[in-house]
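Participant: can't give you the sequence, but here's the structure:
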């Protein structure tokens, strides 16, 4: 009986060693190299929109906006799609009605803080662009669906809001190069933004 046990163990070890003859391939220790397009911009201005700004040439404007199941086929609402990055800058615009500014302002802060349960940090910074447009920029850290949100307003007539989302599972490490690249485009949009 003991001889059968020894024979069984030897056969098992031999078959294990023979089965494992495939070459060992180590796991890569970094993310693959990312090649980004050249930064080129064009002016976006349509007769029906109350604003204008610069957009990158590798982005496309999409006016077919669906907001929580409601179609917003307004020329003022749009998506700025980045197909090569599988991402979208969602843009909304509201004409400020009487006693509505506080509601729009609270909504913008609420949209940013909705990511607090996944975020490692939420930083907001008030700014004024070189063209005199005022706003607040939100940088949301961690594995969140959106790393950048902002709003621009004149506090009396116009309220413009943007949020950058990727159509993928949020992973701050893997999205870091893309977020850094698109941050320049978002900043360019904000710094060239003007009310008509």
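Facilitator: Cool, the structure landed. Quantities reported herein were computed from a predicted structural model and do not represent experimental measurements.
Participant: continuing past the lowest-mean-pLDDT helix or strand in the chain, what's the next helix or strand?
Facilitator: Each helix and strand of the chain was given a mean pLDDT (mean pLDDT, DSSP states H and E); the minimum falls on strand 70-72 at a mean of 59. Proceeding N to C from strand 70-72, the next assigned helix or strand is strand 78-82, under DSSP states H and E.
Participant: on contacts alone, who are the packing partners of that next one?
Facilitator: strand 60-62, strand 87-95 (3 or more Cβ pairs under 8 Å, 6 or more residues apart in numbering; DSSP states H and E). C-betas here are computed from N, CA, C, even on glycine.
Participant: any idea which of these is most buried?
Facilitator: strand 87-95 (a mean of 19; mean count of other Cβ atoms under 10 Å).
Participant: how big is the angle separating it from strand 78-82?
Facilitator: Computed by axes from the mean of the first three to the mean of the last three Cα atoms, to 10 degrees, the angle separating strand 87-95 from strand 78-82 equals 160 degrees.
Participant: starting at the chain centroid, how far to strand 87-95?
Facilitator: Put simply, strand 87-95 sits 12 Å off its chain's centre (Cα atoms, centre = their mean, to the nearest Å).
Participant: Strands along this structure, start to end?
Facilitator: In the chain, the strands defined using DSSP state E lie at 41-45, 51-56, 60-62, 65-67, 70-72, 78-82, 87-95, 119-128, 134-142, 148-153, 158-166, 194-195.
Participant: quick one: which of these is nearest residue 185?
Facilitator: With Cβ to Cβ, the closest approach to residue 185 among the strands of the chain belongs to strand 51-56: 5.0 Å.
Participant: Name every strand pairing with the closest one and say which way it goes.
Facilitator: Strand 51-56 pairs in its sheet with strand 41-45 (antiparallel), strand 194-195 (antiparallel), by DSSP bridges.
Participant: and the biggest helix by length in the chain, how far from the chain's centre?
Facilitator: Longest helix in the chain, counting residues (DSSP state H): helix 172-191. Here the centre of helix 172-191 is set off from its chain's centre by 8 Å, with Cα atoms, centre = their mean.
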